[in-house]
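[1] Output the structure for:
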Amino acid sequence: MLKKCQNRNSKWRKWFSIGPQNVCRQCAESIRGLIKLHELSRPKKLLVFINPQSGSKTGEKIYRRKVAPLFSLCEIQTKVIVTQTENHSKDVLRETDLSDYDGIVCVGGDGTLSEIANGYLQRCYRDGHIDWDNPETVLPRPRLPIGVIPTGSGDTIVRFMNETRSVTTATIHIILGRTRGIDFGSVHNRHKLLSYTCLLIGYGLYGRLIEAIEIRRWLPGRIRYSVIPMIELLNVRSFDVKVQMLKPVIEKESQEGNTSHGNRDPEKTRIQPDTKWEWSNQYEGPLLGVDSFIVHLMPVGNSMRPYMGNGLAQVTLVKNCSRISHLSHLIKLMDRSPGFYDYDFIEEHNVKGYRVEAFPKSQGRRIPEMYLMNCDGDLIKLEEPCFEVRVHKELIKLFTWIDEDWPEWVETKSETLSR
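    Modelled structure (predicted):
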């Protein structure tokens, strides 16, 4: 027989055996049988990239002390590569034979994940002769899932996926082999791919912020990500843009009961497999920024819950406003507090794609924000102030515990931007 006991010095419950030896043997065989049922989904060999410069620069130490022993205990083979320069992981992925691997692991932050995801996607599409520069191309999903061991400054994607920045928790999810697909956006400029992104595409203010932060990398992370944005916010300027959006043409479903989420009362419409899409001229005029979140943040109680698999980008158009109001909006956004969209100068849209074109000649002077983009924390400088974004549903699988169905719905508002 097996008897359960509770050890007060540990949060784990322990089991020990008593009774006839043959009964214990049968129980052990049953447990081994259950484990074998899940063997096919558990990784046996992993390609690990460690970014030694990420966050507090402790990635190698954390991997050796907390991650490698667990992989070894579970008999997972690893090939570990410590990146030496920017885009080192891209170079490795471009040349490495990936057929023997069951997954890729990045030890770092959101920027490390972005670099590895971009390198892996481009490697797969190069081998498959797929035109990744064309925004209309339907991108196939690569085979290998990616795991993230959080050692960065923000680790946003890990907090969204695992609801914790625990290194041990992230490692266990990789070992168990459970995965979930997340959306990626492709960013194009004049039919040329600039980047793939899974979190944020910021144009205008966010582009200026990331440039200022990159210039001052010698400052501690907390100062760079808290003080510098406040300084740059005082100098932000608007510029004239034209925004087109790819929206669904769907019939509204009747909703029963209360659909309010916190202080919002959205009108929901459901996306069907045969949904048709059309481009529309959404706005033309001055804006402070055009930002999109591939991860949706929706109000649930007193917090915002992330959704990462509905195939849409959450686009916000930021109009002219006072610095105090803008700061209030940014603080709520950073804290993931409900109501950060409920401002008169914020317009929210959920779209499958969008196009942005700025007009330098109408400004009378060069505005740096028109040529700067923030893609998952990476600075991209545009040769021309225009770009196009497309969202690809569940393009890459990540190792995570999430198993519920993310809702396939898009919120629409009766309000539209006035010119």
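[2] can I get the CA coordinates of stretch 334-349 in PDB?
    Listed next in PDB are the C-alpha coordinates belonging to stretch 334-349 (Å, rounded to 0.1, in the frame of the first residue of the first chain):
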ATOM      1  CA  MET A 334       2.900  49.200 -17.000                       C
ATOM      2  CA  ASP A 335       1.000  48.100 -13.900                       C
ATOM      3  CA  ARG A 336      -1.600  46.100 -16.100                       C
ATOM      4  CA  SER A 337      -4.400  48.000 -14.300                       C
ATOM      5  CA  PRO A 338      -7.900  48.000 -15.900                       C
ATOM      6  CA  GLY A 339      -8.900  51.200 -17.600                       C
ATOM      7  CA  PHE A 340      -5.700  52.100 -19.400                       C
ATOM      8  CA  TYR A 341      -7.700  52.300 -22.600                       C
ATOM      9  CA  ASP A 342     -10.400  54.500 -21.100                       C
ATOM     10  CA  TYR A 343      -9.100  57.800 -22.200                       C
ATOM     11  CA  ASP A 344     -10.400  60.200 -24.700                       C
ATOM     12  CA  PHE A 345      -7.100  60.400 -26.500                       C
ATOM     13  CA  ILE A 346      -6.800  56.600 -26.900                       C
ATOM     14  CA  GLU A 347      -8.500  54.600 -29.600                       C
ATOM     15  CA  GLU A 348      -8.300  50.800 -29.500                       C
ATOM     16  CA  HIS A 349      -8.800  48.500 -32.500                       C
END
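[3] Strands of the stretch 251-400 of the chain, residue ranges please.
    For the stretch 251-400 of the chain, applying DSSP state E, counting those that start in this stretch gives strands covering 267-270, 276-287, 289-293, 296-300, 303-307, 313-318, 346-351, 353-358, 372-375, 378-381, 386-399.
[4] so which of the ones you listed gets nearest Gln53?
    Proximity to Gln53, assessed across the strands of the stretch 251-400 of the chain by Cβ to Cβ, is greatest for strand 378-381 (14.1 Å). C-beta here means a position set from N, CA and C on the backbone, and glycine is covered the same way.
[5] For that closest one, which strands pair with it and how are they oriented?
    strand 372-375 (antiparallel) (DSSP bridges).
[6] Out of the strands of the stretch 251-400 of the chain, the one nearest Thr168 is which?
    The closest approach between Thr168 and any of the strands of the stretch 251-400 of the chain, judged by Cβ to Cβ, belongs to strand 386-399 at 13.5 Å.
[7] that older thread, looking at the strands of the stretch 251-400 of the chain, which one is packed in the most?
    Here the criterion is mean neighbour count by mean count of other Cβ atoms under 10 Å, and of the strands of the stretch 251-400 of the chain the winner is strand 372-375, at a mean of 25.
[8] still on that earlier bit, so which of the strands of the stretch 251-400 of the chain gets nearest Ser238?
    Ranking the strands of the stretch 251-400 of the chain by proximity to Ser238 (Cβ to Cβ) places strand 276-287 first, at 4.2 Å.
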